[in-house]
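Engineer: Model the following, please.
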Amino acid sequence: MNTPPRLLAAVTLLASAFSLIAQAALPPPQVVPVAASNTVRNGPPIPTADPAEPPHPASIPLWANGAPGFESLKDVPEQISYRQEADIVFPIIFNINNPTITPFLPAKDKATGCAVIIAPGGGHMFHTIGREGYDLGQWLADHGIAAFVLKYRLARDIAVPPRATPYRTDVEAKLDAQRAVRVIRSRAAEWNINPDHIGFIGFSAGGQVAAELVGADNQGNPDAKDPIDKVDAHPDFVSFTYPGLPQSWRAADWTPPANFPPTFLLCASNDSPGVAEGLPTLYLALKRARVPVELMIFDMGGHGFGVRPWSLSVSMWPTIFTGWLGDRGFLTNQKAATP
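Structural biologist: A predicted model of the protein is given here:
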């Protein structure tokens, strides 16, 4: 992270003023009836009650006046529906036009100074906002880690006809991820966060957003009119959880970009070959480049396990991830441990 301390302090004051505007109440998601294509034969029944987001703190828009170039869409409400899969029914959020972060902050006496931005999956069509978002955010906050669930814009948003969305993963979603890092880093003192201990975890499609982030030029722009854009957006660590990754990353001769952050890789062996075999390939590439990296592959869990109260051993992964953060020195102000 390269933002000078004096600049960060100045930006913090401006960001605090911005927060008074940005935390104004957002319109609630509009309920959308479940489409027939979402049903699974013999799957669990879809509840008769309208879908609702799990309880969560107030969300914060990444831009007070709406995303650049799309300001006119900032008041368009999100939409919510159910998705039914073979063993679970869960709420999904889509029609994202005003990207936000939702903060889950630990008690001050538990705070480690570490922060994690969470990008849920959903095939760039929707956000699996519970087990890949708010549920993990609450778990991390309970364990002393500040968490921020990112609602990034969706390149295949199901609220619009196919190929009609104006958003792209490598442009708008990447910009949302960068802005999330910058907003959090600019308000680090306010939220009891070490500005050098801010990371990013991406689930499934969110993993592709994470890849776009770490591969981007994340330096702050010292000439930017928006003071938050002056702040560096490089994450200090990254986690790819059963991710969608750029095809080039799967090549045996792929070389990670310079300054690739310490990395935690996670999946189940009974996921698709692209994930279960792709992550070991990524692990070896990072290891050859001397990037600090840990790889966890559980025997069972499939795709999309997230945070769930299962009897399967994969349910312990948040504890292992937190242990890795401690090993790398992100849970204190001390330097990373050395073997």
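
Engineer: quick one: low-confidence parts of the stretch 151-300 of the chain?
Structural biologist: The model of the stretch 151-300 of the chain has no residue with pLDDT under 70.

Engineer: So which residues of it form strands?
Structural biologist: 198-203, 237-241, 263-268, 293-298 (DSSP state E, counting those that start in this stretch).

Engineer: winner for burial among the ones you listed?
Structural biologist: When you average the neighbours per residue for each of these (mean count of other Cβ atoms under 10 Å), strand 198-203 leads with a mean of 28. Heads up, the C-betas are built off the backbone N, CA and C, glycines and all.

Engineer: And the contacts of that one?
Structural biologist: 1, 114-121, 128, 132, 136, 177, 181, 184-185, 188, 208-211, 213-214, 235-243, 261, 264, 304, 306, 321, 325, 330 (Cβ atoms under 8 Å, 6 or more residues apart in numbering).

Engineer: In the chain, mark out all the helices, start to finish.
Structural biologist: 5-22, 135-142, 174-186, 205-214, 273-276, 278-288, 317-327 (DSSP state H).

Engineer: Now do the closest residue to A67 other than its chain neighbours, the pLDDT please.
Structural biologist: Among residues not flanking A67 along the chain, P99 sits closest, at 6.1 Å (Cβ to Cβ, 6 or more residues apart in numbering). At P99, the pLDDT value in this model is 98.

Engineer: got it, and G302?
Structural biologist: 93.

Engineer: So which residue is smack in the middle of this structure?
Structural biologist: A119 (2.0 Å; Cα atoms, centre = their mean).

Engineer: ok, the closest residue to that residue other than its chain neighbours - contacts?
Structural biologist: Leaving aside its sequence neighbours, A119 sits nearest to G206 (Cβ to Cβ, 6+ apart; 3.1 Å). Taking Cβ under 8 Å, 6+ apart, we find G206 in contact with 118-121, 132, 150, 152, 241, 243.

Engineer: at 6 Å instead, please
Structural biologist: 119-121 (Cβ atoms under 6 Å, 6 or more residues apart in numbering).

Engineer: Over to H143?
Structural biologist: Contacts of H143 by Cβ under 6 Å, 6+ apart are T322.

Engineer: at 8 Å instead, please
Structural biologist: By Cβ under 8 Å, 6+ apart, the neighbours of H143 are 106, 110, 318, 322.

Engineer: Provide the count of other residues in contact range of the first one.
Structural biologist: Using other Cβ atoms under 10 Å, the number of residues around P106 comes to 21.

Engineer: swap in P161?
Structural biologist: 8.

Engineer: Next up, phi/psi of it, please.
Structural biologist: Taking degrees, to the nearest 10, you get phi -60, psi 160 for the backbone angles of P161.

Engineer: For it, give its distance to V314.
Structural biologist: 36 Å (Cβ to Cβ, to the nearest Å).

Engineer: I'd like the distance between the closest residue to W254 other than its chain neighbours and A86.
Structural biologist: Closest residue to W254 apart from its sequence neighbours, by Cβ to Cβ, 6+ apart: A285 at 5.3 Å. Distance, A285 to A86, by Cβ to Cβ: 33 Å.

Engineer: ok, the two, which is more surrounded?
Structural biologist: A285 (20 against 10).

Engineer: contacting residues around that one?
Structural biologist: A285 neighbours (Cβ under 8 Å, 6+ apart): 249, 252, 254-256.

Engineer: filter those residues to the buried ones?
Structural biologist: Among these, those buried by neighbour count (16 or more other Cβ atoms under 10 Å) are 249, 254, 256.

Engineer: The residue nearest to A67 and R179 touch, don't they?
Structural biologist: Yes - counting by Cβ atoms under 8 Å, R179 is a contact partner of P99 at 7.4 Å.

Engineer: Tell me the residues that contact both of these two, please.
Structural biologist: 62-63.

Engineer: that older thread, just put the buried ones among the contacts of A285 in a markdown table and tack on distance to E294.
Structural biologist: Formatted as a markdown table, the buried ones among the contacts of A285 follow (distance: Cβ to Cβ, whole Å):
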| residue | distance to E294 |
| --- | --- |
| W249 | 17 |
| W254 | 19 |
| P256 | 15 |
